[in-house]
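J.: Pasting the sequence and the predicted model now:
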Number of protein chains: 2
Amino acid sequence: MRIGFVGLGVMGQAMALNLVRGGHAVTVYNRTAERAGPVLEAGAAWAESPAKAAEGADLTIIMVTDDRAVRAVAEGEDGVLAGAARGSLVVDMSTISPEATRALNEAAEGRGITWLDAPVTGGDIGAREATLTIMVGGSESAFAQARPVLELMGRKIVYIGDSGLGQTMKLVGNFVSGLTLMVAAEGVRLGQAAGLSLDLMGEVLPFSSAQSFELSKVLDRLGRQMFDPGFSVANRTKDMRLAVEMAEELNFGLALGAVGFQVWAGHQARYPSLDESSIVRHFD
Amino acid sequence: MRIGFVGLGVMGQAMALNLVRGGHAVTVYNRTAERAGPVLEAGAAWAESPAKAAEGADLTIIMVTDDRAVRAVAEGEDGVLAGAARGSLVVDMSTISPEATRALNEAAEGRGITWLDAPVTGGDIGAREATLTIMVGGSESAFAQARPVLELMGRKIVYIGDSGLGQTMKLVGNFVSGLTLMVAAEGVRLGQAAGLSLDLMGEVLPFSSAQSFELSKVLDRLGRQMFDPGFSVANRTKDMRLAVEMAEELNFGLALGAVGFQVWAGHQARYPSLDESSIVRHFD
């Protein structure tokens, strides 16, 4: 299959590499050209714009950071939607708002292009090892077409429903993980204040009902005092903001989410580019 | 070994049964005598008071609900400390405050008795299957003596440190699990409000960074609309209160814990005896 790929951050690089290794003809674009090095060496072609990456592709993947970045590469005369052929697919694997997704889906439809939202979870390790979980919204038949390509990047690939619902699932998952991480940080720092060693907490808590993916991350990161991203505070705060905005639109009254978002926003003002596990410092 | 056992609730019954099956001579006491049926049938003896259960025992286990209940069975002329022999061990496996534990430890020392705090996690299933995690505070040599008995009830048995620190570890674990549960409830209800089905959330979220023991419980309980305890809202709220009080004494500024405790306390006013997973109803 001819695949366009736009966005070669930590995640995108690893995902594009898996597509090239899977035997596909991949044409890549990235704002910073140097990032394309490893993928080009593996056999991908370079395009001078998002539109050129999408030209002649059966399927074009977008993997950038937020609503604005997706619009920047999708819209306009140099954008993916301008270059993509009628009848082709655009699969946006970025994490953006369900609303922006539905708007882009409509714009794509107007050009005879099918838009799928397919955000992922599993981080840089999942991207490298092709073990991502991928949540897909949009046309179910388009999903069936895209599935073999998605399987080269992920292990668990689930069709969620109409356009935007993949993003909704991602948002809810991030809402839960972002708060679970903060709970873990708050609990572990409280334990230290009360005289418990990090080692003993690491030996006991992951085997108790306190167990979570994020608790293990906090214990590990705090133990090593290693706060390079990973997943940055800025990205975590962006996702929390999207969830809080969604709750507001739905008239859903948040409890921990309301306070948690404020703490994330305050932490972002100080440490935007540290790994999210640095939220432990809020409790110093 | 001759073992006294005081407190035959859901947890205590299963734990005492495992001691009898392990070949020990167990003498039990419970405020409500009927609860002793299964353990007596299995071969345990009955005592008319906590003091009598402790008489002649090498080790006496207490497994009741809270500070007040432990003091009620430990202190006074009918209490465990009055009946227990000098040189014997008392192992309190209830979840109580570190402060109450240190006071009881002192009272025991005054009588030549060694007090260990050994709270557990793993719930009724862990108690039945002898897979509890047990966190022990107190004398390390007494811990070594008690260990073979604890191994009949638990799988992971960890010495934490001085008297009270087993309870501190338990409190911190419960603080994390009680908030992780609320985060999961809040997220899953938000997802439903945004149009996601419970089934799809169950298929995706436990395979994402949102994963936790408590998230799986919430998804399961909400799916079955089954809110019988399990672990009651009243017990959960009690444990959250102990953690919040501990934080205050330590001058540790809580974020999610402060709000979370208020929500638990409000929920307890309405549904004290439902399972803790009923916290989903807070978001109705």
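T.: That came through fine. In this text, all values refer to a predicted model and were calculated from it rather than measured experimentally.
J.: Need the pLDDT of A:Ile125.
T.: The model reports A:Ile125 with a pLDDT of 89.
J.: what is the rounded mean pLDDT of stretch A:92-100?
T.: For stretch A:92-100, the mean pLDDT works out to 95.
J.: quick check: longest strand of chain A.
T.: In chain A, taking DSSP state E as the definition, the longest strand is strand A:154-161.
J.: Run the chain-centre distance for it.
T.: 14 Å (C-alpha atoms, centre = their mean, to the nearest Å).
J.: That one near chain B at all?
T.: Yes. Using C-beta under 8 Å from any C-beta of the partner chain, strand A:154-161 reaches chain B at A:Lys156, A:Val158, A:Ile160, A:Gly161. (Glycine included, C-beta is placed from N, CA and C.)
J.: Distance to A:Leu250 for those - can I get that in JSON lines?
T.: Output for the residues of strand A:154-161 next to chain B, formatted as JSON lines (distance: C-beta to C-beta, whole Å):
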{"residue": "A:Lys156", "distance to A:Leu250": "27"}
{"residue": "A:Val158", "distance to A:Leu250": "22"}
{"residue": "A:Ile160", "distance to A:Leu250": "17"}
{"residue": "A:Gly161", "distance to A:Leu250": "16"}
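J.: Buried subset of those residues as a ChimeraX selection?
T.: In ChimeraX, a selection of the buried entries from the residues of strand A:154-161 next to chain B looks like this (16 or more other C-beta atoms under 10 Å in any protein chain shown):
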select /A:156,158,160,161
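J.: can you put the residues of strand A:154-161 next to chain B in TSV and add pLDDT and distance to B:Asp67?
T.: Shown next, in TSV, are the residues of strand A:154-161 next to chain B (pLDDT from 0 to 100; distance: C-beta to C-beta, whole Å):
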residue	pLDDT	distance to B:Asp67
A:Lys156	95	45
A:Val158	98	47
A:Ile160	98	47
A:Gly161	97	50
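J.: what's near enough to touch A:Pro206?
T.: A:Leu215, A:Ser216, A:Leu219 (C-beta atoms under 8 Å, 6 or more residues apart in numbering or on different chains).
J.: can you state the direction angle for the helix or strand where A:Gln262 lies and helix B:256-270?
T.: Using DSSP states H and E, A:Gln262 falls within helix A:256-270. For helix A:256-270 against helix B:256-270, the angle by axes from the mean of the first three to the mean of the last three C-alpha atoms, to 10 degrees is 170 degrees.
J.: can I get the CA coordinates of helix A:256-270 in CSV?
T.: The C-alpha trace of helix A:256-270 is given here as CSV (Å, rounded to 0.1, in the frame of the first residue of the first chain):
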residue,chain,number,x,y,z
LEU,A,256,-11.2,15.2,41.4
GLY,A,257,-10.9,16.2,37.8
ALA,A,258,-11.5,19.9,38.6
VAL,A,259,-8.8,20.1,41.3
GLY,A,260,-6.5,17.8,39.4
PHE,A,261,-6.6,20.0,36.3
GLN,A,262,-5.7,23.1,38.4
VAL,A,263,-2.7,21.3,39.9
TRP,A,264,-1.5,20.1,36.5
ALA,A,265,-1.9,23.7,35.1
GLY,A,266,0.1,25.1,38.0
HIS,A,267,2.8,22.5,37.6
GLN,A,268,3.0,23.2,33.9
ALA,A,269,3.7,26.9,34.6
ARG,A,270,6.9,25.7,36.3
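J.: and that helix, does that touch chain B?
T.: Yes. For helix A:256-270, a contact with chain B is found by C-beta under 8 Å from any C-beta, at A:Leu256, A:Gly257, A:Ala258, A:Val259, A:Gly260, A:Val263.
J.: Show me the one in those residues that has more neighbours than the rest.
T.: Neighbour counts for these (other C-beta atoms under 10 Å in any protein chain shown) peak at A:Gly260, which has 28 neighbours.
J.: That one - nearest residue in space that isn't next to it in sequence?
T.: Leaving aside its sequence neighbours, A:Gly260 sits nearest to A:Leu179 (C-beta to C-beta, 6 or more residues apart in numbering or on different chains; 4.7 Å).
J.: The one you found: how many residues sit nearby?
T.: Counted by other C-beta under 10 Å, the residues lying close to A:Leu179 total 30.
J.: about what we covered before: please identify which of the residues of strand A:154-161 next to chain B is nearest to A:Glu140.
T.: Nearest to A:Glu140 among those: A:Gly161, at 8.7 Å, using C-beta to C-beta.
J.: Run through the residues that contact the closest one.
T.: A:Gly137, B:Gly195, B:Leu200.
J.: Check the spacing between it and B:Met201 real quick.
T.: According to C-beta to C-beta, to the nearest Å, A:Gly161 stands 12 Å off from B:Met201.
J.: anything in the host helix or strand of A:Ser141 near chain B?
T.: Using DSSP H and E, A:Ser141 falls within helix A:140-150. No. Residues of helix A:140-150 are not located near chain B by C-beta under 8 Å from any C-beta, the shortest gap being 13.5 Å.
J.: so how far is that helix off the chain centroid?
T.: Distance, centroid of helix A:140-150 to centroid of chain: 19 Å (C-alpha atoms, centre = their mean).
J.: buried residues in it?
T.: A:Ala142, A:Phe143, A:Gln145, A:Ala146, A:Val149, A:Leu150.
J.: before we move on, the earlier item: dump the contacts of A:Pro206 to TSV, plus distance to chain B and pLDDT.
T.: TSV is the format used below for these (distance: C-beta to the nearest C-beta, whole Å; pLDDT from 0 to 100):
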residue	distance to chain B	pLDDT
A:Leu215	7	98
A:Ser216	10	97
A:Leu219	11	98
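J.: Tell me which helix or strand A:Glu77 sits in.
T.: A:Glu77 belongs to no helix or strand when assigned by DSSP H and E.
J.: quick one: pLDDT of it?
T.: Predicted confidence (pLDDT) for A:Glu77: 96.
J.: Settle this for me: it is touching A:Ala51, isn't it.
T.: Yes. The pair A:Glu77 and A:Ala51 passes the contact test of C-beta atoms under 8 Å, sitting 7.1 Å apart.
J.: Between those two, which has more neighbouring residues?
T.: Of the pair A:Glu77 and A:Ala51, A:Ala51 is the one with more neighbours under other C-beta under 10 Å, namely 23 against 9.
J.: can you pull the contacts of the nearest residue to the more buried one once chain neighbours are set aside?
T.: Leaving aside its chain neighbours, A:Ala51 sits nearest to A:Gly83 (3.1 Å; criterion: C-beta to C-beta, 6+ apart). For A:Gly83, the contact set (C-beta under 8 Å, 6+ apart) comprises A:Gly4, A:Ser49, A:Pro50, A:Ala51, A:Lys52, A:Ala53, A:Ala54, A:Glu55, A:Thr60.
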